[in-house]
Each structure stands twice: as C-alpha cells, then as structure tokens.
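**Q** What follows is a predicted protein model with its sequence.
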Amino acid sequence: MAQATLSQSVSRATNWVSVYVLAVALSLTTLGLVMLFSAGAVRGAEQLLIKQIVWVVLSLGLGLYVSFINLDWLGRKTWLVFGLCLVALALTLVPGIGVKVNGAQRWIGLGSLRVQPSEFAKIGLVLVLAYYFSSRQRHTGTFWLGFLLPSMITGAVCGLIILQPDFGTCFLCGAVAATMMFQAGTSLKWLLPVAGLAVAGFSALVYFDPHRIRRVTSFLDVEANADDSAYQLWQGMLAFGVGGVDGVGLGMGRQQMHFLPEAHTDFIFPVIGEELGLLCTFTIVLCFVFLFGFVYWRLRQAPRMYEYLVAMGSILFVSLQAIINMGVVTGSMPTKGMSLPFISYGGSNLMVTFIFLGLIVNVFRRWDNPKTLHPREL
C-alpha cells in the first residue's frame, strides 16, 4: 500500500513538471516565431520564418522521439555517440569541409545546409559523463577515475571547440561538465584548483586575441565605444530603454530596422524588450528560472545516478545558455555570440534544446514505472 501511494504521488508530481516543461518550451518557441517575423522585417521575414518553422517541426519531432527512447539502450551507445561528436568537431577544422563565417570555422556544410557540431557535442558530453559516473560510482572520489579521466573527456570536447574558435561554447561546456562532476561526487580539492587554472588559461587566450580582448574592453566602457566595437551592445541597451515597461507595440520597434545587427539571432531579446516591454522580458526570465527550479526540485528524488546526471546536464545547458545570452544583451557580460534558447533563429541550437527537453521528459516518464522507484544508487 505504501509503495503504491509513493508511486502515485511521484507519478503525479512527475507528470505536472513534465507538462510545465513542455508548456514553457512551446510558449517560448511560439514567441520566438512571432518575434522572428518582426525582427527579420528587413531581412526577408517570410523566408526566415518558413525556415524556422521547418526547424521547429523537426525539433519537436526529434524531441518527442527522444522522450520515448530507451535510456538504457542509449547508455550502451553513449561512447559511439560521443565518438561521432568528436569526429564532427574535428571535421569543422578540415579545409573544404568546415565552413568559415566571420573568422570562425564552426560549421559543416552539407549543400545549402549548415550544421554546427559544437551544439550536438553538448549532448554527447552530457551522455558520456552521465554514463561514465553511473557505471563507476564507487570510484568517483578517486583521482584517476573520479577526476582525471572525466576531465580528459571534457578537455577533448572543449579543446576542439576552442580551436574553431568558439570561446563561449567552450566555457559553457566546461562549466556544465564541472558541475556534473561535482554532482557525481568528484572532490572539490581537485576541481577547484583545475577550474582556477582553466579560467586563467581561458583569460590568457582572450587577452592575446585582439578581437576578443577588444570585446572585453568595450564591455567595460560601452558608451565610449558606442560607435565602434560596442555598437551592437549599445543599440541593444537603447532598445530596452525605448521599450520601457509596456513596449512600443509588436512590429513597431525600430532597432531591428538596420540599427541592431543580428536582431533575429543573438540579440532578439532586446527586440522583445523594445516591442513588448519589461513585463514580457521579465516573464521570459521567470520562465527560465522556474524551468530550472522545477526540474531541479524533481531531481532531488532521482532513483538512479544515470538519470539524475542526464537530466541535470540537460537543464544546465539550457539554463546557463539563457543566462549568458541575457547577460550579454543587457551589458552584464562581455559580448559573445550565443543564441537565446527556443527564441533565437537557428536550427542546430533549437534542435539540441528540444533533445535536451526530450531527455528530461524521458527521465521523468521512467519514474511513472513503480519498478524504478528504489533508492538512488550512490
């Protein structure tokens, strides 16, 4: 009787969180389509909208498929998935295969289609770390198996990404991987010193890269560089100021009319602030906050380490990317090209985001089965 009661309560809580996750995802995606039409007014809005709708349909279908996939089977294929991700990352650096845009070689060209392997490498990183730690739970406190080997796995991904170069995604992958390692039981006496060294090395690379150090100096004095390197950030901040609390009205914004570059991708959040105002932007922030909060609240009772780490890594990638994007466009962080999940234009990131949601829902679905309700393996 007690077991049945526990099963029913967990099932109800799991279903409620899953419904919320899906509702937030669909709401933000719908808002993204509406704002894409507005932000892309001078860039061929109809063409952009049609492309994004196709990506939304594909992403929803793939996310639905992942939400029903057998996680145990996926765990057995993890190393294969991870290996393919590394090969794809390496192919971006091969001349004739990798596509270079604005000095960065982050894409693989497949005819008229461009795929960004670093986005899919996020999935491989989450799956391989989750499977690795769940299969070696007795050794998570050791140096060799609990710290060094997973650090090498993370380093392989981050190293290939930074060669593209993509400093923002490299930082994001490193932060999520370090958090997963800590959650799995890796000791802070090893994580903290290495994290400090990684930050120092990352800072040195930024310092000796003229383009990126200029972004940092511009971020420190936006107004003085408003006509030069901080132009995009300055225009984004003006958009928020013009929008005020209520906004100027949907389709009435001016910043996307030649003033704000990349208005339909990385800087779509200021366009929302200008047209729909503070109330809408604050609601979007709350959606991401509650999305993370509800998922993390449910993960406290995860029955197995593997499921816990898969869902934790998935929600961390979505949440941290949203924080970085919002921090950049509001002038709280140095400028970095990183899209806003669900809302920004782009196929690879949207597809990966829905795959992460599919993994989270899949984990919650497994809890509906009473046979999975046993104490979490530690």
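**A** Ah, there it is. Numbering: from 1, shown residues only.
**Q** low-confidence ranges in the stretch 101-250 of the chain?
**A** Residues of the stretch 101-250 of the chain meeting the criterion pLDDT under 70: 102-103, 111-112, 219, 221, 223-229.
**Q** What ranges does it have for its helices?
**A** When assigned using DSSP state H, counting those that start in this stretch, the helices of the stretch 101-250 of the chain occupy the ranges 117-134, 143, 149-162, 167-184, 188-207, 210-220, 231-243.
**Q** Read off the pLDDT value for the closest residue to Gly251 other than its chain neighbours.
**A** Among residues not flanking Gly251 along the chain, Ser38 sits closest, at 5.1 Å (Cβ to Cβ, 6 or more residues apart in numbering). C-beta here means a position set from N, CA and C on the backbone, and glycine is covered the same way. Ser38 carries a pLDDT score of 73 in this model.
**Q** Compute the number of surrounding residues for Leu279.
**A** 12 (other Cβ atoms under 10 Å).
**Q** tally of neighbours for Ala175?
**A** Ala175 has 16 nearby residues by other Cβ under 10 Å.
**Q** Is the residue nearest to Gly251 within a helix or a strand, and which one?
**A** helix 2-39 (DSSP states H and E).
**Q** ok so, going back, TSV for the helices of the stretch 101-250 of the chain, including distance to Ser59?
**A** Listed next are the helices of the stretch 101-250 of the chain as TSV, based on distance: least, Cβ to Cβ, whole Å:
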stretch	distance to Ser59
helix 117-134	12
helix 143	40
helix 149-162	22
helix 167-184	19
helix 188-207	31
helix 210-220	30
helix 231-243	26
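**Q** nearest to Phe354, of those helices?
**A** helix 117-134 (11.1 Å; Cβ to Cβ).
**Q** check contacts around Asp266.
**A** Under the criterion of Cβ atoms under 8 Å, 6 or more residues apart in numbering, the neighbours of Asp266 are 325, 328-329, 337-340, 344.
**Q** repeat that with 10 Å
**A** 232, 236, 325, 328-329, 335-340, 344-346 (Cβ atoms under 10 Å, 6 or more residues apart in numbering).
**Q** How many residues are close by Phe342?
**A** Phe342, neighbours per other Cβ under 10 Å, totals 28.
**Q** can you check Trp144 too?
**A** 8.
**Q** What of the one 4 residues further on?
**A** By other Cβ under 10 Å, the residues close to Leu148 number 13.
**Q** all helices of the stretch 251-378 of the chain, in order?
**A** For the stretch 251-378 of the chain, helices defined by DSSP H, counting those that start in this stretch occupy the ranges 268-299, 305-329, 347-366.
**Q** what's the closest of those helices to Trp190?
**A** Checking these against Trp190 by Cβ to Cβ gives helix 305-329 as the closest, at 18.2 Å.
**Q** Measure how the closest one sits relative to helix 210-220, angle-wise.
**A** Angle of helix 305-329 versus helix 210-220, following axes from the mean of the first three to the mean of the last three Cα atoms, to 10 degrees, is 70 degrees.
**Q** any idea how far helix 305-329 is from the chain center?
**A** Put simply, helix 305-329 sits 6 Å off its chain's centre (Cα atoms, centre = their mean, to the nearest Å).
**Q** so what secondary structure elements neighbour that helix?
**A** Here helix 305-329 touches helix 2-39, helix 71-76, helix 117-134, helix 167-184, helix 231-243, helix 268-299, helix 347-366, going by 3 or more Cβ pairs under 10 Å, 6 or more residues apart in numbering; DSSP states H and E.
**Q** Turn the ones you listed into TSV, columns for distance to Leu60.
**A** Compiled in TSV, the helices and strands packed on helix 305-329 are given as follows (distance: least, Cβ to Cβ, whole Å):
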stretch	distance to Leu60
helix 2-39	8
helix 71-76	19
helix 117-134	17
helix 167-184	24
helix 231-243	29
helix 268-299	17
helix 347-366	6
